[in-house]
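1. have a look at this prediction, sequence included:
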Amino acid sequence: MPERVMVITGASSGIGEATARLAADEGFRLVLAARRLDRLEELAAELGGPERARAARCDVTEWADQEALAAAALDAFGAIDVVFANAGFGASRGFEASTPEHWREMVLTNVYGAALTLRASFPALKESRGHLLLTGSVAGRRALAGSLYSATKWAVTAMGEAARQELDGTGVRVTLIEPGMVATPFFDDPVTDALEPDDVARAVLYAVGQPPHVDVNEILVRPTAQSN
Ligand SMILES: NC(=O)c1ccc[n+]([C@@H]2O[C@H](COP(=O)([O-])OP(=O)(O)OC[C@H]3O[C@@H](n4cnc5c(N)ncnc54)[C@H](OP(=O)(O)O)[C@@H]3O)[C@@H](O)[C@H]2O)c1
């Protein structure tokens, strides 16, 4: 089988970065997307340079960036086999907390940004009979008190299922990755009793490692100590 090509949004940190490292170990060629190009370039160099991994600056809320990302991946490697729509961030709990501006960016990134990633990658995924994964959350499966972030992840859950139904018959598989608490820069302060980013990366690679007739639609993974 030719080496598959994976595009990851939110690859500059946390879950996306850990997934890039594990996917590189498993032989994927990578296109790493986020806004912080310097971090992506360092990671791409570490993972083998231009033959193996490319860095692409992409603000997922910008359609032109998303079109350019898909085009850059096709230009670099000729196909897109896996897309991991993972970029996102949170906000303080409470409908009087955070700021309206922060909310706007969060909703645009977590919901509209993910939708733009789907829109930009569908043609190539249909061509490759590829695999789409989205980072949802436990917070997208149960509502968290005072959390607009939770509402954005409910939208991602719905988007994953909506995409799965639309893609039925195309050969494209769809997986929602739904982590509990993961120790990443997502949190301003260090967290304890959390998953490590690599724990989530293994879930991603498990889903993409299944034979073509197996579509793992959801993986919800909590740290053992998380009750909610
Ligand atoms: N940590 C958790 O407990 C947890 C639990 C469940 C789900 N999640 C979800 O997991 C995903 C990854 O988060 P993480 O925990 O790995 O946090 P993280 O380390 O802060 O990573 C977030 C990533 O998203 C990227 N990003 C943010 N806004 C972006 C934008 N507009 N355009 C492009 N990239 C953007 C960031 O890169 P740049 O800043 O360089 O753009 C970064 O690479 C998110 O969707 C998050 O909601 C996290």
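-> Happy to help now that I have it.
2. pLDDT score assigned to the residue positioned nearest the centre of the chain?
-> Centroid check for the chain by CA atoms, centre = their mean gives Asn86 as the closest residue, at 1.9 Å. At Asn86, the pLDDT value in this model is 98.
3. what sits against it?
-> Applying CB atoms under 8 Å, 6 or more residues apart in numbering, we find Asn86 in contact with Ile8, Thr9, Gly10, Ala11, Ile15, Gly16, Thr19, Leu133, Leu134, Thr135, Ile177. From N, CA and C alone the C-beta is placed, and that goes for glycine too.
4. how about the residue of the chain positioned farthest from its centre, secondary structure?
-> Here the chain reaches farthest from its C-alpha mean at Glu96, the gap being 28.5 Å by CA atoms, centre = their mean. For Glu96, the secondary structure call by DSSP: H, G, I helix; E, B strand; the rest coil comes out as coil.
5. need phi/psi at it.
-> Torsion angles at Glu96 (phi, psi; degrees, to the nearest 10) stand at phi -110, psi 0.
6. now Pro50
-> Torsion angles, degrees, to the nearest 10, at Pro50: phi -60, psi -20.
7. residues contacting it?
-> Pro50 is in contact with Ala44, Ala76, counting by CB under 8 Å, 6+ apart.
8. tell me the pLDDT of it.
-> Looking at Pro50, its pLDDT stands at 97.
9. same thing with the one 4 residues further on?
-> pLDDT recorded at Arg54 is 98.
10. pretty sure Arg21 contacts Ala201?
-> Yes. The criterion here is CB atoms under 8 Å, and Arg21 meets it with Ala201 at 7.2 Å.
11. near the ligand, anything from the lengthiest helix in the chain?
-> Longest helix in the chain by number of residues (criterion: DSSP state H): helix 148-167. No. Figure legend: helix 148-167 not in contact with the ligand (CB under 6 Å from any ligand atom); closest approach 6.7 Å.
12. buried residues in that helix?
-> Neighbour-count burial for helix 148-167, counted by 16 or more other CB atoms under 10 Å, picks out 148-157, 159-160, 163-164, 167.
13. check the offset of it from the chain's centre.
-> Relative to its chain's centre, helix 148-167 lies at 13 Å (CA atoms, centre = their mean, to the nearest Å).
14. mind listing the strands for the chain?
-> 5-9, 29-34, 53-57, 82-85, 131-135, 173-179, 218-221 (DSSP state E).
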